[in-house]
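> only the shape, not the letters, is given here:
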């Protein structure tokens with residue numbers, strides 16, 4: 001199982017929107033997906049209550065000590081992808097989620113200063129090529145995202161032919177290509193983490209350590 005964590009220091013950065021969008025894009029690509037909510041604000045749970053379809057399941061987990069055992073159980077059950085939406089700022093739950101993640105995505109403005117700060121924070125472990133840092137495509141703040149959330153949908157369901165849907169689908173394809181994912185992926189562990197939070201309209205992802213297991 002692969003685990004994607006959305007994390008930033010600031011609220012309102014688009015973590016929940018991206019979590020939902022990626023979950024539905026992955027489901028439409030043939031993956032089994034679980035959304036995990038560690039943010040007590042409950043954005044994902046509220047979205048689920050507005051939704052007519054019980055899939056994907058939104059599972060609230062607020063205690064840091066519960067995250068690793070639950071991820072292990074989901075992995076053993078055969079789930080292919082878990083996506084964790086975290087609260088703004090640093091917390092024990094966010095740290096635990098990142099520690100057990102395959103990929104951490106940080107919604108951020110794609111400024112050179114932000115990228116430099118993130119790379120400095122990781123020192124020698126940071127990548128030195130922007131192609132290894134910025135996810136593609138850039139994600140714009142578009143009304144279709146908020147309209148979809150209000151209806152209990154993801155943008156690829158609510159407006160499948162829209163620019164917003166195309167961008168989310170493109171981001172999912174970037175993740176698939178980056179990690180060579182498939183609906184039955186081979187075993188691999190990929191650690192990704194940095195702390196340079198800002199706002200949409202892009203997603204920043206920086207490599208920290210990559211270990212491939214054939």
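Arrived safely, thanks for sending. Note that this is a predicted model, so its numbers are computed, not measured.

> helices along the chain, start to end?
Assigned by DSSP state H, the chain shows helices spanning 15-28, 43-49, 64-76, 92-99, 112-122, 143-150, 155-158, 163-179.

> among those helices, which comes closest to residue 2?
Smallest distance to residue 2 across the helices of the chain (CB to CB): 7.0 Å, for helix 163-179. In this view, the C-beta of every residue, glycine as well, is placed from N, C-alpha and C.

> who does the closest one touch, helix- and strand-wise?
helix 15-28, helix 143-150, helix 155-158 (3 or more CB pairs under 8 Å, 6 or more residues apart in numbering; DSSP states H and E).

> ok, which of these comes nearest residue 169?
Nearest of these (CB to CB): helix 15-28, 5.3 Å.

> okay, buried residues for that closest one please.
Within helix 15-28, the residues that count as buried by 16 or more other CB atoms under 10 Å are 15-27.

> now the helices and strands packed on helix 163-179 as a markdown table including distance to residue 137 and mean pLDDT?
A markdown table is the format used below for the helices and strands packed on helix 163-179 (distance: least, CB to CB, whole Å; pLDDT from 0 to 100):
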| stretch | distance to residue 137 | mean pLDDT |
| --- | --- | --- |
| helix 15-28 | 13 | 94 |
| helix 143-150 | 14 | 93 |
| helix 155-158 | 14 | 94 |
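
> okay, the ones you listed in a markdown table with distance to residue 84 next?
Formatted as a markdown table, the helices and strands packed on helix 163-179 follow (distance: least, CB to CB, whole Å):
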| stretch | distance to residue 84 |
| --- | --- |
| helix 15-28 | 8 |
| helix 143-150 | 18 |
| helix 155-158 | 20 |
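
> out of those helices, flag the one nearest residue 99.
helix 15-28 (17.7 Å).
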